[in-house]
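[1] From the sequence below, what's the structure:
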Amino acid sequence: MSNDPLFATALGDRRFDGKLADITRGGRRRASDEYKAMLSRAEKVEAGKLTEEDRLTLNALVEDIRSMVDFDACGLDDWVVDPLRGPQVEFMNVESYQPVRSPEEGEAMVRRWKAMGPFMADHVRNLKDGLGLGKVAVRASVEKTLEELEDLLGKGFSEWAMMLPAKAPHDDWDKQALDSFRSGIADATNGSVRPEFDKYRTFLRSEVLPRARPDDKPGIMHLPNGMEDYRKLIRVRTSLGLEPQTLHQTGLDEVKKINGEMETLGEKVFGTRDRAEILKRLRTDKSLYFSSRDEIEVKAEEALARARATISKWFGRLPRADCEVVRMKEHEEKNSTIAYYMPPASDGSRPGRYYINTYAPETRPKYEAEALAYHESIPGHHLQIAIAQELEGVPEFRKNSGVTAFIEGWGLYSERLSDEMGLYSSDLDRLGILSYDSWRACRLVVDTGMHAMGWSREAAIEYMFQNSALARNNIVNEVDRYIVWPGQALAYKTGQLEILRLRNEAKSKMGKRFEIQKFHDAVLCNGAVPLETLRLVVGRYASA
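    Residues are numbered from 1 along each chain as shown. Down below sits the predicted model:
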């Protein structure tokens, strides 16, 4: 928590509200040394002397720490310019999950706001060091980030989301405390953060953009030690030592299988098995798209309500925390992904949030909205993450962190599970399941294609356009996400396939004793464990 104060705040741990991560080279080295020392201690623990439950904890702990060490070793801070989660977006989001309920919390927020300026200077310094090491971002990512900075700096600072806390009434505060808080927020925003964002814009435009990698070399393989780093990131994201070529072939096989399903269901919905024609109809029939932001939100709310009403038949354990639908704000929606989930605060002060992107509603298909909702909220991320947070008798790290392949694999598994649960409204919405499943299979192909096989950005975009029903603007944003988050996109399909394999194995072994509620509880009631640990967990359940 001390090394990632924003994450701490998002979880409801308020001890570090006045701080940001130390991203200086020295700070990163210190954190890495801490993790290496911790890993050395953990690896010396004799698993044979532990209880079964403690062996699970040890397995999860070793994988968690090793992932931190490997991730730090890849040095992404030296070159990544991120239009999705960079500071020009993330700093504007902090106020949405850092409530200010007292003058003391207000003072902590002012300290954090004041720390943002120096953080930006450190970010620029890291990128400058990266240039010296031959590491630089891809041109498209730099251009998008510059566009965001232009939009942000083109507004008066009083319009920034960072200023929203200063506009809250706080009627129960005394005048001196309130005045100090408001002036502190304004001074930090306008006197420190804004000038550093301006310097960041100038640096990107004058030093990074002229040297940025062309879009035909988007992969990490084009950077020093790139292939070694990519293999580490594969392990970090999937918890498995998989080769890029193996993942690439798995993706190709899955895309082929799902395309066959698309042709069968397309004949039922559109009267044709021609996949190109099916995709054309899905992309061009305007009646299949939303016409307003409100319509997107209503559809999301309806899907979430249906899921809430059904989950007790499919899960024994349910979370206490609720989930709500929230629209992304203007500063992030244009270049952001389609949706995302933010966990509830562990102190109960905030529910889980399913963030929906309502930008350009005419480009957002109605037929994908239900699969998206079930992935991000219930029975997907909200169910899994909120249950993990509420576990008792396990260490905090097992509640609040975990392997991406487990977390995202569960989300993808939930999309098809929701069809078993009877949650989809029509066969047209089921085409959305196939479009999304193909999209995640495509991720295996294009992520490895760009980062290990020399694919261009355009080749990745075109492959996804030919093999999923996603609109081109969404595909472009997705591909640009894979470029700045190498390996993250591999987690979804890898995790889904593992959960499905384990479910089939348990069902085959247990026969009539198999109960879907208990299987789901076995999967979810240990936190987001590594996939190899999940095999032990499900094996234990199936043998009971």
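
[2] Skipping its backbone neighbours, what lies nearest Pro486 in space?
    Ile220 (4.7 Å; Cβ to Cβ, 6 or more residues apart in numbering). All C-beta spots, glycine's among them, are computed from the backbone N, C-alpha and C.

[3] Where do the domain boundaries of this structure fall?
    Domain segmentation of the chain under automatic domain parsing yields 5-216, 234-496.

[4] residues contacting Gly86?
    Residues in contact with Gly86 (Cβ atoms under 8 Å, 6 or more residues apart in numbering) are 145, 148.

[5] switch the cut-off to 7 Å
    Thr145 (Cβ atoms under 7 Å, 6 or more residues apart in numbering).

[6] In space, not sequence, find me the middle residue of the chain.
    Centroid-nearest residue in the chain: Tyr340, 6.6 Å away (criterion: Cα atoms, centre = their mean).

[7] give me the element Val326 is part of.
    strand 323-327 (DSSP states H and E).

[8] Averaged pLDDT, that strand. What do you get?
    What strand 323-327 shows for mean pLDDT is 97.

[9] Next: stretch 302-313.
    Average pLDDT, stretch 302-313: 97.

[10] Give me the buried stretch members for that stretch, please.
    303-304, 306-307, 310-311 (16 or more other Cβ atoms under 10 Å).

[11] same question, stretch 100-107
    Buried residues in stretch 100-107, defined by neighbour count with 16+ other Cβ under 10 Å: 100, 103, 105-107.

[12] Surely Pro99 is in a strand?
    No - the assignment for Pro99 (DSSP: H, G, I helix; E, B strand; the rest coil) gives coil, which keeps it out of a strand.

[13] if we can go back for a sec, want to throw the buried residues of stretch 100-107 into CSV with pLDDT?
    Shown next, in CSV, are the buried residues of stretch 100-107 (pLDDT from 0 to 100):
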residue, pLDDT
Val100, 96
Pro103, 97
Glu105, 97
Gly106, 98
Glu107, 98
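
[14] Closest one to Ala542 out of those, please.
    For these, the minimum distance to Ala542 (Cβ to Cβ) is 47.6 Å, reached by Glu105.

[15] count of residues packed around Asp427?
    For Asp427, the tally of surrounding residues (other Cβ atoms under 10 Å) stands at 13.

[16] Check whether it really touches Gly266, as I assumed.
    No - counting by Cβ atoms under 7 Å, Asp427 does not reach Gly266; the two are 9.5 Å apart.

[17] other SSEs contacting the helix or strand hosting Tyr230?
    Using DSSP H and E, Tyr230 sits within helix 226-238. Applying 3 or more Cβ pairs under 7 Å, 6 or more residues apart in numbering; DSSP states H and E, we find helix 226-238 packed against helix 52-73, helix 404-420, helix 427-452, helix 491-510.

[18] Could you check how far Tyr413 is from Asp419?
    According to Cβ to Cβ, to the nearest Å, Tyr413 stands 11 Å off from Asp419.

[19] Look at these two and report which has more neighbours.
    Ranked by neighbour count (other Cβ under 10 Å), Tyr413 and Asp419 place Tyr413 first, with 24 against 15.

[20] which ones are touching the more buried one?
    Contact analysis of Tyr413 by Cβ under 7 Å, 6+ apart lists 496, 499-500.

[21] Could I get the pLDDT score of it?
    The model reports Tyr413 with a pLDDT of 98.

[22] returning to what we had before: tell me which of the helices and strands packed on helix 226-238 sits most buried.
    helix 427-452 (a mean of 25; mean count of other Cβ atoms under 10 Å).

[23] C-terminal to that one, what's the next element?
    Following helix 427-452 toward the C-terminus (DSSP H and E): helix 457-467.

[24] Can you report how many residues lie near Pro169?
    Neighbour number of Pro169 under other Cβ under 10 Å is 7.

[25] That one in helix, strand or coil?
    Per three-state DSSP, Pro169 ends up coil.

[26] Find me the pLDDT at it, would you?
    Listed pLDDT for Pro169 reads 92.

[27] What about it? Give its phi and psi, please.
    Per-residue torsions, Pro169: phi -70, psi -40 (degrees, to the nearest 10).

[28] what's the answer for Gly402, then?
    Backbone torsions of Gly402, given as degrees, to the nearest 10, read phi 150, psi 180.

[29] Skipping its backbone neighbours, what lies nearest His375 in space?
    That would be Gly411: by Cβ to Cβ, 6+ apart, it lies 4.5 Å from His375.

[30] and that neighbour, what is it in contact with?
    By Cβ under 7 Å, 6+ apart, Gly411 lies in contact with 375, 380-381.

[31] returning to that earlier point: direction included, what does the strand holding Val326 pair up with?
    When pairing is defined by DSSP bridges, strand 323-327 lines up against strand 352-356 (parallel).

[32] Could I get the average pLDDT for the partner strand?
    The average pLDDT within strand 352-356 is 97.

[33] which residues are in contact with it?
    Where contact means Cβ under 7 Å, 6+ apart, the residues beyond strand 352-356 that reach it are 296-297, 300, 304, 321, 323-328, 339-344, 373, 376-377, 382, 386.

[34] Only the buried subset of those, as a ChimeraX command please.
    Buried residues among the contacts of strand 352-356 (16+ other Cβ under 10 Å), as a ChimeraX selection:
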select :296,297,300,304,321,323,325,326,327,328,339,340,341,342,343,344,373,376,377,382,386
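
[35] quick one: low-confidence ranges for the stretch 251-400 of the chain?
    Applying pLDDT under 70 to the stretch 251-400 of the chain flags no residue at all.

[36] Could I get the full set of helices for it?
    Under the criterion DSSP state H, counting those that start in this stretch, helices of the stretch 251-400 of the chain are mapped to 275-284, 293-310, 330-333, 369-376, 381-389, 396-400.

[37] Tell me which of the ones you listed sits most buried.
    Mean neighbour count (mean count of other Cβ under 10 Å) peaks for helix 369-376 among the helices of the stretch 251-400 of the chain, with a mean of 27.

[38] name the helices or strands packed onto it?
    Counting contacts by 3+ Cβ pairs under 7 Å, 6+ apart, helix 369-376 is packed against helix 293-310, strand 339-342, helix 404-420, helix 427-452.

[39] Could you list every helix and strand that the shortest one packs against?
    Translated: strand 339-342. So strand 339-342, by 3+ Cβ pairs under 7 Å, 6+ apart, packs with strand 352-356, helix 369-376.
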